[in-house]
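A.B. asks: sequence and predicted structure below; questions after.
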Amino acid sequence: MTDLDQLKTDALTRIENAPDAAALEALRIEFLGKQGSISGLMKTLGKMTPEERQVQGPLLNGLRSETADAIAARKAVLENAELEARLATESLDLTLPAHESPKGSVHPVSQVMDELAEIFADLGFSVATGPEIEDDWHNFTALNMAETHPARAMHDTFYFPDVDSDGRRMLLRTHTSPVQIRSMVKQGAPIRIIAPGRVYRSDSDATHTPMFHQVEGLVIDKDIHLGHLKWTLETFLKAFFERDDIVLRLRPSYFPFTEPSVEVDVGWQDVKGRRVLGGDGDAPGHGWMELLGSGMVNARVIEFAGLDPEEWQGFAFGVGVDRLAMLKYGMDDLRAFFDGDQRWLDHYGFSPFDQPTLSAGVGAKA
Ligand code: PHE
């Protein structure tokens, strides 16, 4: 009995003082391992008389389980201490500034598209999309440009050699106007959408690139007239340029898919070789930049898209997104938009956190 008590006191003291996990494991083997001292005592139970066993059994079992419990408790304490120590050495100072580079930025075209979506969402427009690889029915025919229509030649179209299953010629869309047709065919009327995206024409100089960006606008409803178009464009451009004094020039024009058609130019001023907004477009050092084609949707287009032009009217417009960006943010060469030059991107790019909102400003630059 005294021996057992002595053994237990010893074991528990040594376990309690085990300095680390390895020492603790050594003690576990010493006491409870196959050749361990307590395991050895357990084996003696087999040779005892039933009476002896009735007395010794509970004592030995108690010793074994108390030892095991003490080891588990010490193990938890050691592990906890180890974690605390690691946390202390691995501490992070969350008040340090974040690493600045490498840093991506939002391209001005993407930023302007987000701004447009924000402005038009406020006017009740949703965003629609269509394919960049189009067929000539959606890109031309349904927009009132028959096979032989001279306007087709003006578009400098990139054609594919292929023809689709309906015998339509495939091409890279030359404008976002085919999305007008796709939206009318798909959702019927009424409609209020903008459709931003890439368009392609075989054309290249300081203000033209073979790929550029447009946003199409389309409103189809009842009793829509030219006044709605004019108000919408003015409201949009004032919100976009964040100023009330922008000078617009509306010119009568011609597009096969609108009747009547209106072209909209915005006046710019030359500041040290850069075009910026404002000023008298007709004065020296000033000019007009063509921004927008628009008009009332031609009744034939509404018919092509499967709607009744007696019942539904509307207006449409197409805006050059890159040109909007150039005028708002002061770039003077469109080609640089697509060079991927890091210095240009650093200079003209936007922080991903600079989300355009009407309340915070659609053009706030961080
Ligand atoms: N699609 C025309 C263009 O690319 C622009 C436009 C769109 C004109 C809608 C009128 C109406 O030049």
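C.D. replies: It's in.

A.B. asks: so, low pLDDT: which residues of the stretch 1-150 of the chain?
C.D. replies: Scanning the stretch 1-150 of the chain for pLDDT under 70 picks out 1-2, 100-102.

A.B. asks: ok, which stretches of the chain are strands?
C.D. replies: Remark: strands assigned in the chain by DSSP state E are 126-127, 133-135, 159-163, 169-172, 191-200, 211-221, 248-255, 258-271, 274-277, 286-297, 313-320.

A.B. asks: burial of Thr13, as a residue count?
C.D. replies: A count of nearby residues for Thr13, using other Cβ atoms under 10 Å, gives 10. Every residue, glycine included, has its C-beta placed from N, CA and C.

A.B. asks: next one: Lys186
C.D. replies: Lys186: 13 surrounding residues under other Cβ under 10 Å.

A.B. asks: what does the one 4 residues further on give?
C.D. replies: Counted by other Cβ under 10 Å, the residues lying close to Pro190 total 12.

A.B. asks: contacting residues around Glu66?
C.D. replies: By Cβ atoms under 8 Å, 6 or more residues apart in numbering, the contact set of Glu66 is 8, 12.

A.B. asks: for Pro356, see how far away it is.
C.D. replies: Separation of Glu66 from Pro356 (Cβ to Cβ, to the nearest Å) stands at 70 Å.

A.B. asks: spell out which parts of the stretch 251-366 of the chain neighbour the ligand.
C.D. replies: With Cβ under 6 Å from any ligand atom as the criterion, the stretch 251-366 of the chain meets the ligand at residues 255, 258, 293-295, 316-318.

A.B. asks: return the most buried member of the strands of the chain.
C.D. replies: Of all the strands of the chain, strand 313-320 has the most neighbours on average by mean count of other Cβ atoms under 10 Å, namely a mean of 24.

A.B. asks: where does Gly227 land on pLDDT?
C.D. replies: Predicted confidence (pLDDT) for Gly227: 94.

A.B. asks: quick one, what contacts it?
C.D. replies: By Cβ under 8 Å, 6+ apart, Gly227 has no neighbours at all.

A.B. asks: please renumber the chain so that the first residue is 601 from this point on.
C.D. replies: With the count now opening at 601, the last piece we talked about shows up as Gly827.

A.B. asks: any idea how far it lies from Phe915?
C.D. replies: Applying Cβ to Cβ to Gly827 and Phe915 gives a distance of 10 Å.

A.B. asks: which outside residues touch stretch 631-651?
C.D. replies: For stretch 631-651, contacts defined as Cβ under 8 Å, 6+ apart pick out 604, 607, 611, 629-630, 653, 656-657, 660, 663-664, 667-668, 671.

A.B. asks: can I get the buried part of those residues as one PyMOL selection?
C.D. replies: In PyMOL syntax, the buried subset of the contacts of stretch 631-651 is picked out as below (16 or more other Cβ atoms under 10 Å):
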select buried, resi 607+611+656+660+663+664+667+671
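
A.B. asks: skipping adjacent residues, who's closest to the closest residue to the ligand within the stretch 701-850 of the chain in space?
C.D. replies: Nearest residue of the stretch 701-850 of the chain to the ligand: His775, at 3.4 Å (Cβ to the nearest ligand atom). By the measure of Cβ to Cβ, 6 or more residues apart in numbering, the closest residue to His775 outside its immediate chain neighbours is Val799, 5.3 Å from it.
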